[in-house]
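Q: what's the 3D shape of this:
(chains A and B)
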Amino acid sequence: MAKVLIPTPLRQYADKKDSVDVTGATVGEVLSSLTTQYPDLKKNLYTDEGKLRSFVNVYVNDEDIRYLSKDATALKDADTVTIVPSIAGGF
Amino acid sequence: MTTLAAPVDVQLSKEEILRYSRHLIMPEVGMDGQLKLKQAKVLLIGTGGLGAPLGMYLAAAGIGRIGLVDFDVVDYTNLQRQVIHGTSDVGRKKLDSAADTMREINPHIDIDKHEVALSSENALGILKDYDIIIDGTDNFPTRYLVNDACILLGKVNVYGSIFRFEGQSTVFGYPGGPCYRCLYPEPPPPGLVPSCAEGGVLGILPGVVGLIQATEAVKLILGKGEPLVGRLLLYDALNMRFRELKLRKNPDCPICGDHRSIHELIDYHQFCGIPQHEPAPEAGVSENEIEVTALKAKMDRGDKFVLVDVREPHEYQICKMPGSILIPLGEVPKRIHELNSADEIMVHCKSGMRSAKACEFLRQSGFKKVKNVKGGILAWSDKVDPSVPKY
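A: The predicted structure follows:
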């Protein structure tokens, strides 16, 4: 069971929740389970080809999964998965 | 900061010594540090939500030269958060308003006003004269432009961005450190991530994030503390939580990596998938007007805009254009808050006279993306939809 933190811009696609507990042994499994539960999240996280979008970063605790094992990154029970999309606001 | 020369000929006046006394008596700043601040040249891109606290505090801190880049005009919707501008500044250029506030705070600094939209053509020329660049813009094309220009010039880019009640901040372009493209190689396609104008922003939020940026800039100039390099700071105002994520330099980064493939600035609108040029207006139509046929084409394309009908309710009952909202001319001033100056707004009436007045009023109130529908609903009936009754 990992805790997934949902960022503000994506909460509208996840029943307004800021975090969701999801089971899965890897980041890929957890995100797959999350997007099954909230199908609207899927197009915001993945391209049509099923690749994680390049303006969305995923972290396990404080480490970017691009520098771990990407989708295959193994998760322990107490791990936190954070989704951090690009935001540009400044005005 | 590696690029700053040691203070040599610069000195503080008696007035400045008194003004900066709380800096001068702390060992982390002292006279050396204050002279470094006075010698520093910092460029603020944008004088909006983030730029407002940045401009005010950096002026107060005694940054010797502060450049401002903006081409916008103050409007009422800015005042909820852009504290560098006041109510009496509505309608003024943000550059003038911001510079006046900063000079009032500290007359001992120099302010450069760059009244331009930063572009691939002008960015390098503007940025090259400054030591530190602070990105307070509100859109993806400019953020990638600022990043690339900073990397090409070897400048540090103090980054901050905000959305609703969340903020992000970090320092890009520090020697050996990551850049914006290392964090996000590509921008989201248009429409997928809402802007502040669309999604809203808690007015206090840019104050916090802008001052994190200001803090980093001052630390970099003083050469003190641990800069926010290789760390992405996330701030969640709603839960009052700060988090820090690791931010690595991407060895394959196309601009700061080992095998750079970007050697000059590119077309950032194209990079972000945003078409840059609208078709030229038809002959006989001023830039503040739109033909009914062009309006119909916009509707058919699914362009995002607000259509405001300024006729009276009883006229609205007779006929209306699809998707319009009714705000009778006389009610426009008191209902102006129902409109967002960030939106493209088309205004129509029966023949175009009342809507021209409404447009004029909106423009004076700081709305810039306002167009009058030429010929009103009568022209719409003539040229677009004959089923609409004329009266």
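Q: is the top helix by length along chain A positioned near chain B?
A: Across chain A, the longest stretch assigned as helix under DSSP state H is helix A:27-37. No: remark: helix A:27-37 sits outside contact range of chain B, by C-beta under 8 Å from any C-beta of the partner chain, the gap being at least 14.6 Å. Heads up, the C-betas are built off the backbone N, CA and C, glycines and all.
Q: which residues of chain B fall in strands?
A: Using DSSP state E, the strands of chain B run over B:41-45, B:65-69, B:110-114, B:132-135, B:156-163, B:166-172, B:231-236, B:241-246, B:289-290, B:306-309, B:324-326, B:345-348, B:370-373.
Q: and the contacts of the second one?
A: Residues external to strand B:65-69 that are found in contact with it (C-beta atoms under 8 Å, 6 or more residues apart in numbering or on different chains): B:40-47, B:51, B:55, B:58-59, B:95, B:98-99, B:102, B:109-114, B:116, B:118, B:126, B:129-130.
Q: got a list of what the residue in chain A positioned nearest to chain B touches?
A: The minimum distance from chain A to chain B, using C-beta to the nearest C-beta, falls at residue A:91 (3.3 Å). Listed by C-beta under 8 Å, 6+ apart, the contact set of residue A:91 reads B:46, B:48, B:49, B:50, B:78, B:82, B:136, B:137, B:138, B:196, B:197.
Q: can you tell me which of the residues you listed is nearest residue B:146?
A: Proximity of the contacts of residue A:91 to residue B:146 was ranked by C-beta to C-beta; the top entry is residue B:137 with 6.8 Å.
Q: for chain B, which helix is longest?
A: Scanning chain B for the longest helix, with DSSP H as the assignment, gives helix B:205-222.
Q: distance between that one and the chain's centre?
A: Centroid separation for helix B:205-222 versus its chain: 17 Å, with C-alpha atoms, centre = their mean, to the nearest Å.
Q: elements contacting it?
A: With contacts defined as 3 or more C-beta pairs under 8 Å, 6 or more residues apart in numbering or on different chains; DSSP states H and E, helix B:205-222 has these neighbours: helix B:30-39, helix B:51-61, strand B:132-135, strand B:156-163, strand B:166-172, strand B:231-236.
Q: partner strands of the shortest one, with direction?
A: For strand B:132-135, the pairing partners within the sheet under DSSP bridges are strand B:41-45 (parallel), strand B:156-163 (parallel).
Q: what would those strands look like in JSON lines with mean neighbour count?
A: Shown next, in JSON lines, are the strands paired with strand B:132-135 (neighbours: other C-beta atoms under 10 Å in any protein chain shown):
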{"stretch": "strand B:41-45", "mean neighbour count": "26"}
{"stretch": "strand B:156-163", "mean neighbour count": "27"}
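Q: how about those strands, which one is nearest residue B:252?
A: Across the strands paired with strand B:132-135, closest to residue B:252 is strand B:156-163 (C-beta to C-beta), at 19.9 Å.
Q: in space, what's closest to residue B:147 - neighbours in sequence excluded?
A: Distances taken as C-beta to C-beta, 6 or more residues apart in numbering or on different chains place residue B:180 nearest to residue B:147, at 3.7 Å, with adjacent residues excluded.
Q: next, the contact list for that neighbour, please.
A: B:143, B:144, B:146, B:147, B:157, B:159, B:172.
Q: what's the answer for residue B:261, then?
A: Here residue B:261 is in contact with B:254, B:255 (criterion: C-beta under 8 Å, 6+ apart).
Q: how about the residues of chain A near chain B?
A: A:7-9, A:18, A:44, A:53-55, A:57, A:59, A:62-64, A:66-67, A:82, A:84-91.
Q: what about residue B:33, neighbour count?
A: 22 (other C-beta atoms under 10 Å in any protein chain shown).
Q: which residue packs closest to the residue positioned nearest the centre of chain B, ignoring adjacent ones?
A: Residue closest to the average C-alpha location in chain B (C-alpha atoms, centre = their mean): residue B:137, at 3.9 Å. In this structure, residue B:137 finds its nearest non-sequential neighbour in residue B:46, 4.7 Å apart by C-beta to C-beta, 6+ apart.
Q: where's the one you found relative to residue B:59, distance?
A: Remark: distance between residue B:46 and residue B:59 (C-beta to C-beta, to the nearest Å) = 16 Å.
Q: again with residue A:49
A: 49 Å.
Q: the more surrounded of these two?
A: Ranked by neighbour count (other C-beta under 10 Å), residue A:49 and residue B:59 place residue B:59 first, with 23 against 5.
Q: surely the more buried one touches residue B:107?
A: No: in this structure, residue B:59 is not within contact of residue B:107 by C-beta atoms under 8 Å, at 9.6 Å.
Q: which ones are touching residue B:311?
A: Neighbours of residue B:311 in contact, by C-beta under 8 Å, 6+ apart: B:326, B:328, B:329, B:349, B:350, B:354, B:377.
Q: and those residues, which is closest to chain A?
A: residue B:326 (28.6 Å).
Q: next, count neighbours for that closest one.
A: If you count neighbours by other C-beta under 10 Å, residue B:326 ends up with 15.
Q: the one 10 residues further on now?
A: A count of nearby residues for residue B:336, using other C-beta under 10 Å, gives 18.
Q: likewise residue B:128?
A: 13.
Q: how about the nearest residue to the residue of chain B found nearest chain A, chain neighbours excluded?
A: Chain A sits closest to residue B:48 of chain B, with a gap of 3.3 Å, by C-beta to the nearest C-beta. Spatial nearest neighbour of residue B:48, chain neighbours left out: residue A:91 (3.3 Å); criterion: C-beta to C-beta, 6+ apart.
Q: OK, contacts around residue 59?
A: By default, I'm working from chain A. A:65, A:81, A:82, A:84, B:245, B:246.
Q: wrong one, I was asking about chain B
A: Per C-beta under 8 Å, 6+ apart, neighbours of residue B:59: B:66, B:102, B:103, B:105, B:106, B:109, B:111.
Q: do the same with residue A:28
A: Contacts of residue A:28 (C-beta under 8 Å, 6+ apart): A:70, A:71, A:72.
Q: any idea how many residues pack against the last one?
A: Residue crowding around residue A:72 was assessed by other C-beta under 10 Å; the count is 12.
Q: quick check: closest non-adjacent residue to it.
A: In space, residue A:72 comes closest to residue A:26 once its chain neighbours are excluded; the distance is 5.5 Å by C-beta to C-beta, 6+ apart.
Q: and the second one, by the same measure?
A: Taking C-beta to C-beta, 6+ apart, and ignoring the residues beside it in sequence, residue A:71 has residue A:28 as its nearest neighbour in space, at 3.4 Å.
Q: quick check: phi and psi on residue A:85?
A: Main-chain dihedrals, residue A:85, degrees, to the nearest 10: phi -80, psi 160.
Q: next: residue A:60.
A: According to degrees, to the nearest 10, residue A:60 has phi -100, psi 120.
Q: so how far is residue B:166 from it?
A: Distance, residue A:60 to residue B:166, by C-beta to C-beta: 20 Å.
Q: pretty sure residue B:167 contacts residue B:232?
A: No: using C-beta under 8 Å, residue B:167 is not in contact with residue B:232, being 10.8 Å away.
Q: so which residues on the stretch 201-350 of chain B come close to chain A?
A: Within the stretch 201-350 of chain B, the residues that sit near chain A (C-beta under 8 Å from any C-beta) are B:201, B:206, B:232, B:234, B:239, B:243, B:244, B:245, B:246, B:247, B:248, B:250.
Q: ok, the second one - contacts?
A: It stands for residue B:206. A:90, B:48, B:49, B:50, B:52, B:53, B:81, B:82, B:162, B:167.
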